[in-house]
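Q: Show me the folded form of this:
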Amino acid sequence: MKQNMKRWAILILSVIMLISVIPGCGKKEKKQEKEEKTQLSWYINFSWFASDWGNNMVSKAITEKTGCDIDFVVPGGNANEKLDSMIASDTLPDILTLGWWEPEISQMIHEGKVYALDELADRYDTYFYNVVNEEVVKWHTSEDGHLYQYPNSACSPSDYKKYDNLASNETFLVRKDMYEAIGKPDMTTPEGFVKAVEKAAEMFPQVDGKEMIPVGSTEFNSIGCDSFDNYLMDFLAVPYVDKNGKSIDRLKNKDYITWLKAFRRLGSEGLLKDEIFLDTRTQMSEKINNGQYFCMIYQYTDMADQEKALHVKNPDSIYIAVDGPKNLSGDDYMLPGTSVNGWTVTMISKNCKNPAKAISLMTYLMSEEGQKMTWLGVEGKTWELNKDGVPEMKDEIKKILYTDRELFDKKYGADSCYWMLQNDAMSSQWIKDDEENPVTQLKQWTYPYTVYVGQYTIAFDADSKEGKIKNKVEAMWGDTLPKLLLAKNDKEFDRIYNEFMKKRYEEGYSKVLDAQTEKIKENEERLGLK
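A: This is a model prediction of the structure:
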């Protein structure tokens, strides 16, 4: 009897031990597994990034799906100084997101500070290959055959044939009530533009007790200002190559120089305010939110939240897109749509303690399920299928999105609040133009002028001969552009411009143009654009 009881005791003990080691069995073990989360630090190389993680519906749902909890790291001042410091001290966070053009990308790859994403995918998550775009992968693959970075908002030339609602970000914006009050003038010529700005400044010296700023712009930085160089040249349809396919120095374009002189005239009249040369994007956003600018060449997506806030306060005070600066021949604009480069790229640092989780998180965010999550939110709570079987955000959720973006992000966190791996082409299947959204008019205005120019966007290796020259002359331009805009007269403008151009070519800029010509030819071959 004792012997039988002993055998039963051993058998029961064995069963208990077996249950405890079977995955998913045993309530205690299951609870522990569910509670365990992987903490990942994610560096965003933009000081204006302000989203948090874990407090809204989308971030909670992503953590539940992936087991990853995110701690965002954002630079407090100069972003590239922060990044350079982390590289030098070998303190890079787990995941990094930065502009595709940043020279630190090639530095981190060459110094072995980031993982090859394809190697991580081979080892931990082969589903990665199901969610990436083959054309994008081919484009971003390094010379050693490995993929170290993956972009957001990347579109290949074939996407432009597939989708008819891929828009450029670049718009010429005017404050609606001011523009109408001065008679909706033609602002496509230098003369008409200057007269319109002068009239607006005369009629509206203040806005709700605050100084009106006649001309707004993007942030001035160490290499220039997009509003007054790249974007303005796109509006003037300044070509990238000549008829023989040779790279052109776009800063030499005569129409561009004429327009810079028009802005210089406004500067001499005190209509280019000091703020535009000094303000950060955060400060600009505050002024847009107050409707303080009369006009600006700006990326509409960068002011979408403020546009919605203005619409709630006063629909007549919003910004609308109208025809702005044109070249002296009156040609249509050539506004760049998203290219295969994308906007930013995301990488996984060799400091990452759990690269398996990091690559799985990237895979999830790039998947269709992940894209629906970051764009639309949680199915059944923020969106559902409409009568046509297409995912659509609920009306009551859209109402908050269109009226209070801060509350929307805090409560829901959808509509690309987490944009680091957003896929514009995929989302265009679900994100349709909505006339209730005050941003829609800005987006639609760009459709006729949006072109693919990805073959011309080139980033040289920072350590290459051409890269060093380009970086040096870009820094010279960053110092020169404000001087041109604030020159006392055209004679002083010409002197500053000619001195800059002389130094530009003394530094060897012609070698950069030659190298760009070869790169453009290679790009056209790779993209099938020959």
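Q: Excluding sequence neighbours, find me the nearest residue to the residue positioned nearest the centre of the chain.
A: The centre of the chain sits closest to W343, judged by C-alpha atoms, centre = their mean, with a distance of 4.5 Å. Nearest in space to W343, with sequence neighbours left out and distances taken as C-beta to C-beta, 6 or more residues apart in numbering, is S153 at 4.5 Å. Where C-beta positions appear, they are placed from N, C-alpha and C, glycine not excepted.
Q: wait, isn't that neighbour in contact with T338?
A: Yes - counting by C-beta atoms under 8 Å, T338 is a contact partner of S153 at 4.9 Å.
Q: circling back: what count of nearby residues applies to the residue nearest to W343?
A: S153 is flanked by 22 other residues according to other C-beta atoms under 10 Å.
Q: So what does the residue nearest to the centre of the chain look like in phi/psi?
A: W343 adopts backbone torsions of phi -110, psi -60, taken as degrees, to the nearest 10.
Q: from here on, count from 56
A: Noted, 56 is the first residue going forward, which turns the last one into W398.
Q: Identify the residues contacting it.
A: 154-155, 206-208 (C-beta atoms under 8 Å, 6 or more residues apart in numbering).
Q: just K436 next, same as before
A: K436 touches M112, counting by C-beta under 8 Å, 6+ apart.
Q: 10 Å - rerun?
A: With contact taken as C-beta atoms under 10 Å, 6 or more residues apart in numbering, K436 is in contact with 112-113, 116, 449, 452, 467, 469.
Q: ditto for K543
A: 319, 322-323.
Q: filter the residues you listed to the buried ones?
A: Buried members of the contacts of K543, counted by 16 or more other C-beta atoms under 10 Å: 319, 322-323.
Q: In helices only, show me those.
A: 319, 322-323 (DSSP state H).
Q: With respect to E439, which of these is nearest?
A: Among those, G322 lies closest to E439 (C-beta to C-beta), at 52.9 Å.
Q: I'd assumed V270 was in contact with that closest one.
A: Yes - G322 is within contact range of V270, at 9.0 Å (criterion: C-beta atoms under 10 Å).
Q: May I ask which helix or strand encompasses the closest residue to T458 other than its chain neighbours?
A: Excluding the flanking residues, the one nearest T458 by C-beta to C-beta, 6+ apart is V367, at 4.9 Å. Following DSSP states H and E, one finds V367 within helix 359-368.
Q: who's in contact with that helix?
A: 228, 230-231, 263, 339-346, 355, 358, 371-375, 456-461, 463-464, 470, 491-494, 496-498.
Q: same thing but at 8 Å, please
A: With C-beta under 8 Å, 6+ apart as the criterion, helix 359-368 contacts 340, 343-344, 346, 355, 372-374, 456-461, 492-494, 497.
Q: Quick one, which of the residues you listed are buried?
A: By neighbour count, with 16+ other C-beta under 10 Å, the contacts of helix 359-368 hold 340, 343-344, 346, 355, 372-374, 456-457, 459-460, 492-494, 497 as buried.
Q: nearest to V293, of those?
A: Checking the buried ones among the contacts of helix 359-368 one by one against V293 (C-beta to C-beta), the nearest turns out to be Y355, at 21.0 Å.
Q: OK, contacts around the closest one?
A: Counted by C-beta under 8 Å, 6+ apart, Y355 has contacts 224, 226, 228, 362, 376, 494, 497-498, 501.
Q: State the distance from it to Y234.
A: 16 Å (C-beta to C-beta, to the nearest Å).
Q: what does N344 give?
A: Remark: distance between N344 and Y234 (C-beta to C-beta) = 19 Å.
Q: K408: neighbour count?
A: Counted with other C-beta under 10 Å, K408 comes out at 12.
Q: so it makes contact with I150?
A: No - shown here, K408 and I150 do not form a contact pair, counting by C-beta under 8 Å, at 11.6 Å.
Q: Please verify my assumption that Q477 contacts S471.
A: Yes - Q477 is within contact range of S471, at 5.0 Å (criterion: C-beta under 8 Å).
Q: pLDDT wise, what is the nearest residue to K381 once chain neighbours are set aside at?
A: Excluding its sequence neighbours, the residue lying closest to K381 (C-beta to C-beta, 6+ apart) is T243, at 4.2 Å. On the pLDDT scale, T243 is placed at 98.
Q: what residues are up against T243?
A: Counted by C-beta under 8 Å, 6+ apart, T243 has contacts 378-381, 385.
Q: and it, that one's in a helix?
A: No - going by DSSP: H, G, I helix; E, B strand; the rest coil, the assignment for T243 is coil, not a helix.
Q: Backbone dihedrals for it, both of them.
A: Per-residue torsions, T243: phi -90, psi -10 (degrees, to the nearest 10).
Q: Next one, pLDDT for the residue nearest to F318 when sequence neighbours are not counted please.
A: What sits nearest to F318 in space, not counting adjacent residues and going by C-beta to C-beta, 6+ apart, is L540, at 5.6 Å. pLDDT, L540: 98.
Q: Retrieve the pLDDT associated with R62.
A: Note on R62: pLDDT of 45.
Q: nearest to W430, of the contacts of K543?
A: Distance to W430, by C-beta to C-beta, is smallest for G322 among the contacts of K543, at 41.4 Å.
Q: From V293, how far off is that closest one?
A: 21 Å.
Q: What of M417?
A: 37 Å.
Q: So which of the two has more stuff around it?
A: It is M417, of M417 and V293, that has more neighbours when counted by other C-beta under 10 Å, with 26 against 19.
Q: Check the more buried one and give its pLDDT.
A: pLDDT, read off for M417, is 98.
Q: Please identify which helix or strand holds it.
A: Going by DSSP H and E, M417 is part of helix 410-421.
Q: which helices and strands does that helix pack with?
A: Judged by 3 or more C-beta pairs under 8 Å, 6 or more residues apart in numbering; DSSP states H and E, the packing partners of helix 410-421 are strand 93-99, helix 112-121, strand 123-128, strand 150-154, helix 172-179, helix 183-186, strand 399-403, helix 423-431.
Q: quick one: which of the ones you listed is nearest A514?
A: strand 150-154 (9.4 Å).
Q: First-to-last residue distance for stretch 451-470?
A: 14 Å (C-alpha to C-alpha, to the nearest Å).
Q: In that stretch, which residues are buried?
A: Neighbour-count burial for stretch 451-470 flags 452-453, 455-457, 459-460, 463-464, 466-470 (criterion: 16+ other C-beta under 10 Å).
Q: Of all pairs in the residues you listed, which one is the farthest apart?
A: Of all pairs in those, the most separated under C-beta to C-beta is Y457 and G468 at 16.1 Å.
Q: can you count the residues close to L202?
A: 22.
Q: for the stretch 356-505 of the chain, what spans make up the strands?
A: 374-376, 390-391, 399-403, 438-440, 446-448, 505-506 (DSSP state E, counting those that start in this stretch).
Q: and the fifth one, what does it pack onto?
A: The one in question is strand 446-448. Here strand 446-448 touches helix 423-431, strand 438-440, going by 3+ C-beta pairs under 8 Å, 6+ apart.
Q: Go through these and name the closest to F555.
A: Going by C-beta to C-beta, the one of those nearest F555 is helix 423-431, 43.1 Å.
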